[in-house]
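Asker: Next come a sequence and a model predicted from it.
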Amino acid sequence: MKPWIEEALHIAESGRVLDAFSAVHDAMQSDPGPYTPGEISAIAKIFLVADQPGLSRMLLERLPRDQWTDEHHSLYDASGETEAPPAKETPPAEKGLPGARPVAATGRIPGAPLRIAMISASDSGGAGTAAWRLHRGLLGHGVESRMYVMDKRRDDENVLVLPPAPKGDSVVDALPSDPQRYLWRATTARWEQTMAAHPDRPGGLEAFTDPLSYSRVDLVRGIREADVVSFHWIAGVVDYPTLHNVLAGKPSVWTLHDLNAFTGGCHYAAGCEKFRDRCGSCPQLGSSDENDFSRRSWDTKKELYDKISLTVVTPSDWLRREAESSSLFRPFPVHVIPNPHPLDLFHPRDREAERQRIGVEREERMVLFGADSVGNHRKGFLHLTEALSELDRKLDARQRLALVTFGRKVPEISLPERFRIVHLGSLADEETIAGVYSAADLFVLPSLEDNLPNTVAESLACGTPVVSFSIGGIPEMVDHLKTGYLAKPFDIADLAEGIQWVLAQLPEQSDEIRTECRDVAVKKYSQATQAGLYLELFRSLLSEA
């Protein structure tokens, strides 16, 4: 047996259960396995005594059934779902958030501001930022909005951190902060272990997630006291086997930011359509087993959805169609409300001043690419570099271009001599990001799959046209040959043609195009307007409850 497992067992036997749990998770990050049947039993025991039955169950499921012993079966049975106690008619006045109060048996205090609990993995990144902007928009409407996350990055007192799942069914308070982000790091380590357990998994894919969590949102006081629960990107944040305790008790709205809610673990399907029926033998796991990890995760989700009534929101009509075509979400009503954006921050700025700030010369044309991770294959950065190489053969020999990027994990690239490359790295300040958009002649996002990218809306809001493949929700954002160019999906030559088309409009048509881009953003993505649409939906659900 691995020494760190033996050490963790000794720690647990001495009564220091949480220390043992912490030691196991720290070790599993550097040693993802594989583990022997005996080692899996030992780790599963530690998970059980640490009151993490879902983790114990998921770990045991990784062991082929023909290797199971009686002990594995006993541990698996002990890891089964337990029923939460029935809710009290009138919860006692317990310590909670500033302004929190006991909830009457009716669930609402007449005349009181609406209380919204927004749940998201993070308050940053694409989906997390979209959720946080909605949260801020609701506060602007006088709503008591609180956001509950595992990965807190913003200095916002109304964003709280989900605590570890308590022993038993005790109600707990959210935390004001968690600088170490312990639960989130443990969660991503668990996903990495799952992916490492599938050696035939193709490269270049994003995280494959599971339906379990180290937290219990149904036992967090502020969420229990809310009038409406608003879910967003919640992989790793909610525990599906116990989530019905929240969803069955009050109006709940789930805003989808990708496909994960109705798949067996992927967030974008990469052409696979098994989620329309039932996941299994998952191509993103490199699996040929019908009863693989994706099938078991899909079944866990179905068990939850069969128990609840749910209202779904998608930011794009494309994602609405995908949700309605899935076997899991087909029964639920779906509304389309685009993500809100702070247009007071994202607006056209002094282009020349912004170009000087980032070091782009007056005679250069600036092509901009940005994503949370530049190296994310799905965002298509390498397709952009191929298109620029294609474009090099068509441009005037004197034309100079600067390729500017923002985001982390920039891959090494080589471009023709005329292209100067400027990597700005990760940018957190939205004023700075808006300045970079304003400096650009065009923004290129050749995503292979995408919903309603924040970066496209932000670029348009700053008056900068967008070139992209005509995929996902992007055709709902970009008006072809008016606010940018929609290239044929995955056609490098047409992507290059789109970049050349925008450059050809400069400088004669640039003011007209920039005005059109800004007008589209104001019409579609105003933070106050979109938050108002959500508020109308929340109130209508409460009136029906």
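Answerer: Right, received. Where do you want to start?

Asker: and the longest helix along the chain, how far out from the chain's middle?
Answerer: Criterion DSSP state H: the longest helix present in the chain is helix 527-544. Centroid separation for helix 527-544 versus its chain: 22 Å, with C-alpha atoms, centre = their mean, to the nearest Å.

Asker: Go through it and flag the buried ones.
Answerer: 527, 529-535, 537-538, 541 (16 or more other C-beta atoms under 10 Å). The C-beta positions use only the backbone N, C-alpha and C, and glycine is treated the same way.

Asker: Looking at stretch 154-164 now, give me its mean pLDDT.
Answerer: Average pLDDT, stretch 154-164: 96.

Asker: quick one, what contacts the residue nearest to residue 129 when sequence neighbours are not counted?
Answerer: Leaving aside its chain neighbours, residue 129 sits nearest to residue 454 (6.0 Å; criterion: C-beta to C-beta, 6 or more residues apart in numbering). Applying C-beta atoms under 8 Å, 6 or more residues apart in numbering to residue 454 gives the contacts 126, 129-130, 339, 341.

Asker: of the residues you listed, closest to residue 293?
Answerer: residue 126 (25.0 Å; C-beta to C-beta).

Asker: so what secondary structure elements neighbour the longest helix of the chain?
Answerer: Here helix 527-544 touches helix 125-140, strand 228-231, strand 252-255, strand 311-314, going by 3 or more C-beta pairs under 8 Å, 6 or more residues apart in numbering; DSSP states H and E.

Asker: Can you say which of the ones you listed is packed in most?
Answerer: Neighbour counts (mean count of other C-beta atoms under 10 Å) averaged over each of the helices and strands packed on helix 527-544 peak at strand 228-231, with a mean of 24.

Asker: Sheet-wise, list the partners of it with their directions.
Answerer: In the sheet, strand 228-231 lines up against strand 115-119 (parallel), strand 252-255 (parallel) (DSSP bridges).

Asker: so which of those comes closest to residue 204?
Answerer: strand 252-255 (27.3 Å).

Asker: May I have the closest one exported as PDB, CA atoms only?
Answerer: Output in PDB follows, covering the C-alpha atoms of strand 252-255 (Å, rounded to 0.1, in the frame of the first residue of the first chain):
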ATOM      1  CA  SER A 252     -35.400  27.500  -9.200                       C
ATOM      2  CA  VAL A 253     -33.900  28.800 -12.500                       C
ATOM      3  CA  TRP A 254     -30.900  27.200 -14.100                       C
ATOM      4  CA  THR A 255     -29.000  29.300 -16.600                       C
END
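
Asker: That strand: how far from the chain's middle?
Answerer: 14 Å.

Asker: again with stretch 252-270
Answerer: That offset, for stretch 252-270, works out to 9 Å (C-alpha atoms, centre = their mean).

Asker: Now do the end-to-end distance for that stretch.
Answerer: 29 Å (C-alpha to C-alpha, to the nearest Å).

Asker: re the thing from before, do you know how far the residue nearest to residue 129 is from residue 76?
Answerer: Look at residue 454 and residue 76: by C-beta to C-beta, to the nearest Å, they are 42 Å apart.

Asker: cool, residue 153 as well?
Answerer: In terms of C-beta to C-beta, residue 153 sits 37 Å off from residue 76.

Asker: Equivalent analysis for residue 67, please.
Answerer: Residue 67 is 13 Å from residue 76, by C-beta to C-beta.

Asker: returning to what we had before: contact partners of the longest helix of the chain?
Answerer: Residues contacting helix 527-544 (C-beta under 8 Å, 6+ apart): 108, 114, 116, 133-134, 136-138, 140-141, 143, 227-228, 230, 251, 253, 311, 313, 335, 337-343.

Asker: Strands of this protein, residue ranges please.
Answerer: All strands of the chain, identified by DSSP state E, fall at 115-119, 144-149, 159-161, 228-231, 252-255, 311-314, 334-336, 364-373, 400-408, 419-423, 442-444, 466-469, 484-487.

Asker: wait, which of those is closest to residue 207?
Answerer: strand 364-373 (11.4 Å).

Asker: residues contacting the residue nearest to residue 68 when sequence neighbours are not counted?
Answerer: Once flanking residues are discounted, residue 68 sits nearest to residue 37: 7.6 Å by C-beta to C-beta, 6+ apart. Residue 37 is in contact with 63, 67-69, 72, counting by C-beta under 8 Å, 6+ apart.

Asker: Filter those down to the ones in helices?
Answerer: residue 72.

Asker: If you rank the contacts of residue 37 by neighbours, which is first?
Answerer: The residue in these with the most neighbours, by other C-beta atoms under 10 Å, is residue 63 (20 neighbours).

Asker: Can you report how many residues neighbour the closest residue to residue 34 other than its chain neighbours?
Answerer: Closest residue to residue 34 apart from its sequence neighbours, by C-beta to C-beta, 6+ apart: residue 197 at 6.9 Å. Using other C-beta under 10 Å, residue 197 has 15 neighbouring residues.

Asker: in terms of contact, does residue 197 touch residue 33 like I think?
Answerer: Yes. Counting by C-beta atoms under 8 Å, residue 197 does reach residue 33; the two are 6.4 Å apart.

Asker: Closest one of the contacts of residue 37 to residue 427?
Answerer: Once C-beta to C-beta is applied, the member of these that ends up nearest residue 427 is residue 63, at 44.1 Å.

Asker: Please tell me how far the closest residue to the closest one other than its chain neighbours sits from residue 61.
Answerer: Distance criterion C-beta to C-beta, 6+ apart; nearest residue to residue 63, sequence neighbours excluded, is residue 40 at 5.2 Å. According to C-beta to C-beta, residue 40 stands 10 Å off from residue 61.

Asker: The two: who's more crowded?
Answerer: Remark: of residue 40 and residue 61, residue 40 carries more neighbours, 23 against 16, as counted by other C-beta under 10 Å.

Asker: where does the more buried one land on pLDDT?
Answerer: pLDDT recorded at residue 40 is 89.

Asker: before we move on, the earlier item: tell me how far the residue nearest to residue 129 lies from residue 130.
Answerer: Counting by C-beta to C-beta - residue 454 and residue 130 are separated by 6 Å.

Asker: what's the pLDDT at the closest residue to residue 67 other than its chain neighbours?
Answerer: In space, residue 67 comes closest to residue 37 once its chain neighbours are excluded; the distance is 5.1 Å by C-beta to C-beta, 6+ apart. pLDDT for residue 37: 90.

Asker: before we move on, what about residue 117?
Answerer: At residue 117, pLDDT is 98.

Asker: so it makes contact with residue 222?
Answerer: Yes. Taking contacts as C-beta under 8 Å, residue 117 lies within contact range of residue 222: 6.0 Å.

Asker: Identify the contacts common to the two.
Answerer: With C-beta under 8 Å, 6+ apart, residue 117 and residue 222 have common neighbours 146, 148.

Asker: Same drill for the two, tell me which one is more crowded.
Answerer: residue 117 (27 against 18).

Asker: which residues does the closest residue in space to the more buried one that isn't next to it in sequence contact?
Answerer: If the residues on either side of it in the chain are set aside, residue 117 comes closest to residue 226, at 3.6 Å by C-beta to C-beta, 6+ apart. Residue 226 makes contacts with 115-117, 146, 250, as judged by C-beta under 8 Å, 6+ apart.

Asker: any idea how far residue 226 is from residue 236?
Answerer: 21 Å.

Asker: swap in residue 518?
Answerer: For residue 518 relative to residue 236 (C-beta to C-beta), the value is 37 Å.

Asker: again, but for residue 295
Answerer: 20 Å.

Asker: from the buried residues of helix 527-544, which single one is nearest residue 435?
Answerer: residue 527 (19.2 Å).

Asker: Can you check the pLDDT for the residue nearest to residue 117?
Answerer: 95.

Asker: same question, residue 101
Answerer: pLDDT, residue 101: 32.

Asker: Same question for residue 337.
Answerer: pLDDT recorded at residue 337 is 97.

Asker: residues touching it, list them.
Answerer: 255, 313-315, 530, 533-534, 537.
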